[in-house]
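In: model the following, please.
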Amino acid sequence: MTDQAPAPYAGPQRVLSGVQPSGDLHLGNYLGALVKFARLQHKIETFIFVADLHAITAWQDPAKLKDQVREIAAAYLATGLDPKVATIFAQSAVPAHAELAWVFNCVARLGWLDRMTQFKDKAGKHKERESVGLYTYPVLQAADILVYKATHVPVGEDQRQHLELTRDIAAKFNHDFEAPNFFPLPDALTQGPGARIMSLRDGAVKMSKSDPSDNSRINLTDDADTISQKIRKARTDADVLPEKLDDLAGRAEAQNLIGVYAALAGREPQDVLTEFAGQGFGAFKPKLADLAVSVMGPIGGEMRRLLSDPAEIDRILGAGAERAREVAAPTLAEVKRIVGYWAG
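Out: The predicted model follows:
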């Protein structure tokens with residue numbers, strides 16, 4: 001009798017993602033993640049959380065953290081996530097995340113974490129001063145995903161390595177505990193065009209909430225006048241827009257603004273260039289500003305409305321946490337049985 005490969009994972013298809021509550025969300029977050037969450041919820045069972053456990057790997061003001069969680073939740077709702085369709089919750093409200101992470105800490109290998117480039121980038125030359133949490137948070141990410149047996153995870157390039165670690169942990173758990181296909185090996189959902197939006201002040205740097213210049217980004221809570229002013233002040237060059245994308249090579253700011261227009265309009269960058277070829281930024285920027293205001297302005301208004309009623313946000317998060325706990329509990333219970341924990 002010959003050995004046969006185990007059957008592929010046969011559980012439900014689920015998608016999971018989360019955003020840390022560590023500062024203002026911006027246009028890059030919207031185009032790279034939030035708008036895509038809203039689309040996914042109608043195609044696959046969707047779990048979206050606010051990653052407050054991950055947030056405290058860097059110091060957070062305890063007096064502000066709850067409000068920051070509510071702001072991320074408001075952004076989810078304002079950009080189209082429906083709490084009747086998607087499960088929206090705060091990570092810390094589901095203890096199974098942290099409990100499964102401990103099991104995975106005992107499955108993952110030190111060498112795997114040593115290869116994680118994000119820790120090296122964030123810690124720099126002073127890694128001895130960083131928290132253990134910053135070093136091990138990719139293991140918690142694996143628990144975030146696998147406690148719901150998520151099969152798909154939206155990722156950018158900066159998180160792809162962490163998803164590979166999740167797959168390694170899942171495979172090793174399944175193998176070591178002789179539990180074939182207990183955990184799925186989740187696949188990446190690449191975020192596609194518009195996922196990498198660059199700074200409005202420097203086209204070589206990714207748009208970031210940590211940039212000291214507020215003019216480098218469009219925040220989700222910016223009003224129409226602020227959005228328009230930031231677009232008009234965005235750094236550009238003196239050349240006109242070409243006919244072909246290849247001719248934008250070396251013009252980082254121009255590439256970025258064309259990409260922003262295309263993503264906001266749901267069009268291909270080449271189509272945008274064809275429309276504006278031969279025109280300078282004096283003509284293009286007002287058009288981009290009008291488009292950005294038409295798309296982003298209502299989101300900011302809805303966020304401000306939602307944040308004026310924190311009790312309603314808390315109600316939605318509470319209901320989502322209850323649903324998340326119901327889904328996570330059987331997974332954790334089975335992990336405990338497989339590992340051999342005393343059940344009492």
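In: show me where the stretch 101-250 of the chain has its helices.
Out: Assigned by DSSP state H, counting those that start in this stretch, the helices in the stretch 101-250 of the chain fall at 110-114, 117-123, 132-146, 160-176, 224-233.
In: so which of these comes closest to residue 36?
Out: Closest approach to residue 36 among these (C-beta to C-beta): helix 160-176, 15.8 Å. C-beta: built from backbone N, CA, C; applies to glycine.
In: buried stuff in that closest one?
Out: For helix 160-176, burial by neighbour count (16 or more other C-beta atoms under 10 Å) applies to 162, 163, 164, 165, 166, 167, 168, 169, 170, 172, 173, 174.
In: turn the residues you listed into TSV, including pLDDT and distance to residue 308.
Out: Formatted as TSV, the buried residues of helix 160-176 follow (pLDDT from 0 to 100; distance: C-beta to C-beta, whole Å):
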residue	pLDDT	distance to residue 308
162	88	36
163	94	37
164	94	42
165	96	40
166	97	38
167	97	42
168	97	45
169	97	42
170	98	42
172	98	48
173	98	45
174	97	47
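In: name the nearest of the residues you listed relative to residue 144.
Out: The closest of the buried residues of helix 160-176, once distances to residue 144 are taken by C-beta to C-beta, is residue 166, at 8.8 Å.
In: mind listing what the closest one touches?
Out: Shown in contact with residue 166 (C-beta atoms under 8 Å, 6 or more residues apart in numbering): 138, 141, 142, 145, 146, 153, 186.
In: go again with 6 Å.
Out: 142, 145 (C-beta atoms under 6 Å, 6 or more residues apart in numbering).
In: any idea how far residue 137 is from residue 243?
Out: 46 Å (C-beta to C-beta, to the nearest Å).
In: those two: which is more packed in?
Out: Shown here are residue 137 and residue 243; by other C-beta atoms under 10 Å, residue 137 has more neighbours (23 against 12).
In: so the more buried one makes contact with residue 57?
Out: Yes - using C-beta atoms under 6 Å, residue 137 makes contact with residue 57 at a distance of 5.4 Å.
In: out of the helices of the stretch 101-250 of the chain, nearest to residue 315?
Out: So among these, helix 132-146 is nearest, using C-beta to C-beta, at 23.1 Å.
In: buried set for that closest one?
Out: Neighbour counts over helix 132-146 (16+ other C-beta under 10 Å) mark 134-146 as buried.
In: next, count neighbours for residue 43.
Out: Using other C-beta under 10 Å, residue 43 has 10 other residues around it.
In: again with the one 5 residues further on
Out: The local packing count at residue 48 equals 27, with neighbours defined by other C-beta under 10 Å.
In: which of the three states applies to it?
Out: strand (DSSP: H, G, I helix; E, B strand; the rest coil).
In: and the pLDDT for it?
Out: Residue 48 carries a pLDDT value of 98.
In: list the residues that contact it.
Out: Counting by C-beta under 6 Å, 6+ apart, residue 48 makes contact with 17, 37, 86, 88.
In: now, among the buried residues of helix 160-176, which is nearest to residue 214?
Out: residue 162 (29.2 Å).
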